[in-house]
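# Give me a model of this one.
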Amino acid sequence: MSASPEQLLVPEVIYNNCSSSSGLWTEIENHNASHNAETEERQDSREDPLYWRHSPNSQFWKMNSIGSRNDNIGCRLEPHRRQQRKYRFAMKGEIGQLAGKDSPAQAGAGVMPFKLEGDRILILDQRELPQAVKYLDATDLPDMCYAIREMAVRGAPSIGIAAALGLAAEAKRLSETTAETQELLRDLNQSRQQLNATRPTAVNLRWATDLLFELAEKESMDSPAEIAARLTGRARQMLCDHIDINRRLSEHGAALISKQAGVLTHCNTGSLAACGWGTALGAIRFAAFNGANPIVYVDETRPRQQGARLTTWELLQDGITPHLVTDSMAGHLMLEGKVDLVIVGADRIAVNGDAANKIGTYSLAVLAGAHNIPFYVAAPLSTIDPECKSGDEIPIEERAAEEITTIGGISQCPPGTQVYNPAFDVTPARYITAIITEAGILRPPYAESIPDALATCP
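Sure, this is the predicted structure:
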């Protein structure tokens, strides 16, 4: 039996902060170390969408409470090889079918970028990490637009799901003030356009809001309240689907990472950015959960430091040691032979394989090519824009000068300094060794492999 979208969205999924939420987390029983059952599955009386599995023959994960009200409530994930407290967790049903029944990859989807409490959408404010864990209420449309535009929530897949949840919430609000379906559709279309304008490069945002609006149009014979309910259910299901999609993508990517590989990654591509597991970082996590011991080099990723602030934090939650480097060190690392592969995410991929990603990605691709190092892009198929023929058609967002001229609110430049601050660059397909998706690993010629992969989408 698969967990419902409502069950998956209620919980607080943060490893560092103890939670009293009863949604995803379930109480842990302290099994005796002599327990010899090869495999057992357990649900508590609340029909929690997590189950606990025990096996004496592989690496395990334990949930370790840190000062919670109930010592049986788990709050932090740590690798554990002893014979006591042998636990790990996964979603039930399709989302729980990870890398085989006894695989340590069942350690979970990662730190989620938001949670729902009833009708409220609470965004984990990534601007505050790692110094503080704070939530921003983005239930109202202006607040959701602010959260996306100001990067409280970021990462193409997470932006898409957040926008879908926000549009569904706006549909519910509109349905409470109008009885006319056409009026609802008109206002909802305006809300969709507002959301799409917040971050123009990330195609997942437009993909998600367009999908929901098309559903609303198909249901135009229904009442506004019925349409709003359907949109809410679909937006929540999209999150469930993302968790499963990213898990499959991560498994494919992990196959490219050898046991002791030196891996260089850019920006942040973990669960925070992707709504479960991650993309590039998901592949690294999956490889580590299955016994690899990659040496992970993390670009700090100027100017907003997503690598230094977020990727290092997420890796440490999983017990994976990050090695932080400045963006300008990549060539030196490659020349010294420390990098075996580069793996990055993407915000939009054209049908010819050109990929837009965080500024600095193109430089890494050129350097990797000069040193004969494989350069991989990891992204779900929803990041591929079927209407975009090449990278020349991808709009590049430009952000405020203060992101570069100030650090911690303190100016670093003399008055009158002019700034050019593109948030993304485009890597031509000729520099990309392969594109990792949930449908498998796509290789050149991308003009053939990308359409074939898109044809597998439902």
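
# Give the burial count for Arg399, as a bare number.
Counted by other CB atoms under 10 Å, the residues lying close to Arg399 total 18. From N, CA and C alone the C-beta is placed, and that goes for glycine too.

# Isn't it up against Phe424?
No. Shown here, Arg399 and Phe424 do not form a contact pair, counting by CB atoms under 8 Å, at 9.9 Å.

# Now do the buried residues in the longest helix anywhere in the chain.
Ranked by residue count and defined by DSSP state H, the top helix of the chain is helix 224-254. Applying a neighbour-count criterion of 16 or more other CB atoms under 10 Å, the buried positions in helix 224-254 are 224, 227-232, 234-236, 238-254.

# Kindly provide the whole-number mean pLDDT of it.
Helix 224-254 comes out with an average pLDDT of 95.

# Kindly report the same for stretch 425-442.
On average, stretch 425-442 scores 98.

# Restricting to C-alpha, output that stretch in PDB.
Included here for stretch 425-442 are C-alpha records, laid out as PDB according to Å, rounded to 0.1, in the frame of the first residue of the first chain:
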ATOM      1  CA  ASP A 425      25.500  30.100 -17.700                       C
ATOM      2  CA  VAL A 426      25.000  27.600 -20.500                       C
ATOM      3  CA  THR A 427      27.200  24.600 -21.100                       C
ATOM      4  CA  PRO A 428      27.200  23.500 -24.700                       C
ATOM      5  CA  ALA A 429      26.300  19.800 -25.200                       C
ATOM      6  CA  ARG A 430      29.700  19.000 -26.700                       C
ATOM      7  CA  TYR A 431      31.200  19.300 -23.200                       C
ATOM      8  CA  ILE A 432      28.700  17.100 -21.500                       C
ATOM      9  CA  THR A 433      29.700  13.400 -21.300                       C
ATOM     10  CA  ALA A 434      26.200  12.300 -20.400                       C
ATOM     11  CA  ILE A 435      22.900  13.500 -18.900                       C
ATOM     12  CA  ILE A 436      21.600  11.500 -15.900                       C
ATOM     13  CA  THR A 437      17.800  11.200 -15.700                       C
ATOM     14  CA  GLU A 438      15.200   9.000 -14.000                       C
ATOM     15  CA  ALA A 439      14.900   7.200 -17.400                       C
ATOM     16  CA  GLY A 440      18.500   6.300 -17.500                       C
ATOM     17  CA  ILE A 441      21.800   7.800 -18.600                       C
ATOM     18  CA  LEU A 442      21.500   9.800 -21.900                       C
END
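
# Identify the residues contacting stretch 398-408?
For stretch 398-408, the external contacting residues (CB atoms under 8 Å, 6 or more residues apart in numbering) are 302-304, 411-413, 417, 419-423.

# what's the domain layout of the chain?
The chain breaks down into these domains under automatic domain parsing: 1-108, 115-244, 246-454.

# Could you pull up the contacting residues of the spatially most central residue of the chain?
Relative to the mean C-alpha position of the chain, the nearest C-alpha, by CA atoms, centre = their mean, is the one of Ala274, at 1.3 Å. With CB under 8 Å, 6+ apart as the criterion, the residues that contact Ala274 are 155-158, 242, 246, 282, 345, 380.

# mind listing which of those are in helices?
Cross-referencing the contacts of Ala274 against helices under DSSP H gives 156-158, 242, 246, 282.

# any chance of those in JSON lines, plus distance to Asp327?
Supplementary listing: the ones in helices among the contacts of Ala274 in JSON lines, determined by distance: CB to CB, whole Å:
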{"residue": "Ala156", "distance to Asp327": "20"}
{"residue": "Pro157", "distance to Asp327": "23"}
{"residue": "Ser158", "distance to Asp327": "23"}
{"residue": "His242", "distance to Asp327": "28"}
{"residue": "Asn246", "distance to Asp327": "25"}
{"residue": "Gly282", "distance to Asp327": "22"}
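
# With only the CA atoms kept, save stretch 134-144 in PDB.
Presented in PDB, the C-alpha positions along stretch 134-144 are these (Å, rounded to 0.1, in the frame of the first residue of the first chain):
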ATOM      1  CA  LYS A 134      13.800  28.600  10.200                       C
ATOM      2  CA  TYR A 135      10.500  28.300   8.300                       C
ATOM      3  CA  LEU A 136       8.800  30.900   6.200                       C
ATOM      4  CA  ASP A 137       5.000  30.700   5.800                       C
ATOM      5  CA  ALA A 138       4.500  30.900   2.000                       C
ATOM      6  CA  THR A 139       0.800  29.900   1.900                       C
ATOM      7  CA  ASP A 140      -0.300  33.200   0.400                       C
ATOM      8  CA  LEU A 141       0.700  33.900  -3.300                       C
ATOM      9  CA  PRO A 142       2.800  37.100  -2.600                       C
ATOM     10  CA  ASP A 143       4.700  35.200   0.100                       C
ATOM     11  CA  MET A 144       5.400  32.200  -2.200                       C
END
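
# got the buried residues for that stretch?
Within stretch 134-144, the residues that qualify as buried are 135-136, 138-139, 141, 143-144, counting by 16+ other CB under 10 Å.

# Let me see the residues that make contact with that stretch.
Under the contact criterion CB under 8 Å, 6+ apart, stretch 134-144 has outside partners 114-115, 119-125, 128, 146-147, 152-153, 162-163, 165-166, 169-170, 173, 191, 194-195.

# pretty sure Gly282 contacts Ser250?
Yes. If you go by CB under 8 Å, Gly282 and Ser250 touch, sitting 3.4 Å apart.

# and the residue nearest to Pro224 when sequence neighbours are not counted, how many neighbours?
Closest residue to Pro224 apart from its sequence neighbours, by CB to CB, 6 or more residues apart in numbering: Ser175 at 3.7 Å. Other residues within reach of Ser175, judged by other CB under 10 Å, total 20.

# How about His332?
His332 is flanked by 12 other residues according to other CB under 10 Å.

# could you pull out the strands for the stretch 201-350 of the chain?
With DSSP state E, counting those that start in this stretch as the criterion, the stretch 201-350 of the chain has strands at 262-265, 295-299, 322-325, 341-344, 348-349.

# Parallel or antiparallel, which strands does the longest one pair with?
Within its sheet, and counting by DSSP bridges, strand 295-299 is paired with strand 262-265 (parallel), strand 322-325 (parallel).
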